[in-house]
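A.B. asks: Here is my input; please provide its structure:
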Amino acid sequence: MNPPARPTSRHAGFTLLEILGVVAIIGILAAIAIPSVQKARRNSALTATIKTVSIVSGAVQQFMQKPGGPGYPPLTEAAATGSFALNTANTALTEAAAAAVSKAATLDTVLLAERALESPLSFGIGSGLNTPAGSTPLLWDTANNWFNTSPAAAPSLDFSNLARLECQLSSTGTPGTDGTDFYLDASNTALPANSRVVSLVIPGVTGADAAALANLMDNKSSATAAAANTSGRVAYAAPGTSGTTTVYIYVGHY
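C.D. replies: Just a heads-up that it's a prediction; the model follows:
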């Protein structure tokens, strides 16, 4: 008598058709989820940038109220070396080219030294570079309220390709070119002459992010990713062939 046949499973594994079906479903879900995640990250970066503007503004106010301080933010970018607050005993520093001092000086490093800022600036938009070129730093002396180098030398550090906070004298230039002027009203009025203009400078920002930030900060919809934006607290030139531009964000003028 033959033993009864053992039952066999109808499916020893997944068929190719079933595997392809699962892969297709995963692909559809990913196609739906990834853009949503990217949009959420972008919105978070823009919101964080606006929050940083508020933090920096408070830090500048704190510095200006410093007992024994100058009462105004020091210039960190200028055409003449004599415009900077420099240790005049440091001959190599006072004889340095203004361009070299401008590249090495940033207002955020001053605020960090004064402990008005708790941490270095960081943004989710822009090039993302965070290491300056060069080696000889320009230091802020909190006791004397001037820039110094130790040992005495001309500064070689270069922050010009990094996101940073700058203080410059106002001009009547077109906003979005160097951070020295902003049109804060509909009449395109330049900032008052001889004002110290403080602005955040963020290089390497995509046109889309620049426009989104401008529209968000100024509650408008006129800024675009392809053209320059000269009105409001966010200004930038038309993006270049790389699709990026340098964004200047108004913090205050004093």
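
A.B. asks: What's opposite residue 235 in the beta bridge?
C.D. replies: Using DSSP bridges, the bridge partners assigned to residue 235 are residue 248.

A.B. asks: That one: neighbour count?
C.D. replies: 27 (other Cβ atoms under 10 Å). All C-beta atoms are positioned from the backbone trio N, CA, C, and that covers glycine.

A.B. asks: Can you check the pLDDT for it?
C.D. replies: Per-residue confidence (pLDDT) for residue 235: 98.

A.B. asks: List the contacts of it.
C.D. replies: 175, 176, 182, 183, 214, 229, 247, 248, 250 (Cβ atoms under 8 Å, 6 or more residues apart in numbering).

A.B. asks: Determine which two of these are furthest apart.
C.D. replies: The span of these, defined through Cβ to Cβ, is set by 183 and 247 at 15.2 Å.

A.B. asks: Tell me where the stretch 101-250 of the chain has strands.
C.D. replies: For the stretch 101-250 of the chain, applying DSSP state E, counting those that start in this stretch gives strands covering 139-141, 146-148, 164-169, 196-206, 234-236, 244-253.

A.B. asks: Tell me which of those is the most buried.
C.D. replies: strand 234-236 (a mean of 28; mean count of other Cβ atoms under 10 Å).

A.B. asks: Low-confidence regions, this protein specifically.
C.D. replies: Residues of the chain meeting the criterion pLDDT under 70: 1-13, 29-40.

A.B. asks: and the angle for the lengthiest helix in it with strand 244-253?
C.D. replies: The residue-count maximum for a helix in the chain (DSSP state H) belongs to helix 16-64. Orientation of helix 16-64 against strand 244-253 (axes from the mean of the first three to the mean of the last three Cα atoms, to 10 degrees) gives an angle of 30 degrees.

A.B. asks: Centre of the chain to helix 16-64, how far?
C.D. replies: 18 Å (Cα atoms, centre = their mean, to the nearest Å).

A.B. asks: And that helix, what does it pack against?
C.D. replies: On a contact count with 3 or more Cβ pairs under 8 Å, 6 or more residues apart in numbering; DSSP states H and E, helix 16-64 meets helix 107-113, strand 196-206, helix 207-217, strand 244-253.

A.B. asks: Which SSE is immediately downstream of that helix?
C.D. replies: Sequence-wise, the next helix or strand downstream of helix 16-64 (DSSP states H and E) is helix 91-94.

A.B. asks: May I see the buried residues of that next one?
C.D. replies: Neighbour counts using 16 or more other Cβ atoms under 10 Å place 93, 94 of helix 91-94 among the buried residues.

A.B. asks: can you redo the strands of the stretch 101-250 of the chain as a markdown table with distance to residue 73?
C.D. replies: Converted to a markdown table, these look like this (distance: least, Cβ to Cβ, whole Å):
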| stretch | distance to residue 73 |
| --- | --- |
| strand 139-141 | 11 |
| strand 146-148 | 13 |
| strand 164-169 | 5 |
| strand 196-206 | 6 |
| strand 234-236 | 19 |
| strand 244-253 | 9 |
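
A.B. asks: Can you tell me which of these is nearest to residue 112?
C.D. replies: Using Cβ to Cβ, the strands of the stretch 101-250 of the chain put strand 139-141 closest to residue 112, at 8.4 Å.

A.B. asks: what's the closest one in contact with?
C.D. replies: 87, 109, 110, 113, 114, 146, 147, 148, 149, 150.

A.B. asks: wait, isn't the first one in contact with residue 147?
C.D. replies: Yes - under the criterion of Cβ atoms under 8 Å, residue 87 lies in contact with residue 147, with a separation of 6.8 Å.

A.B. asks: and for those two, which residues touch both?
C.D. replies: 93, 141.
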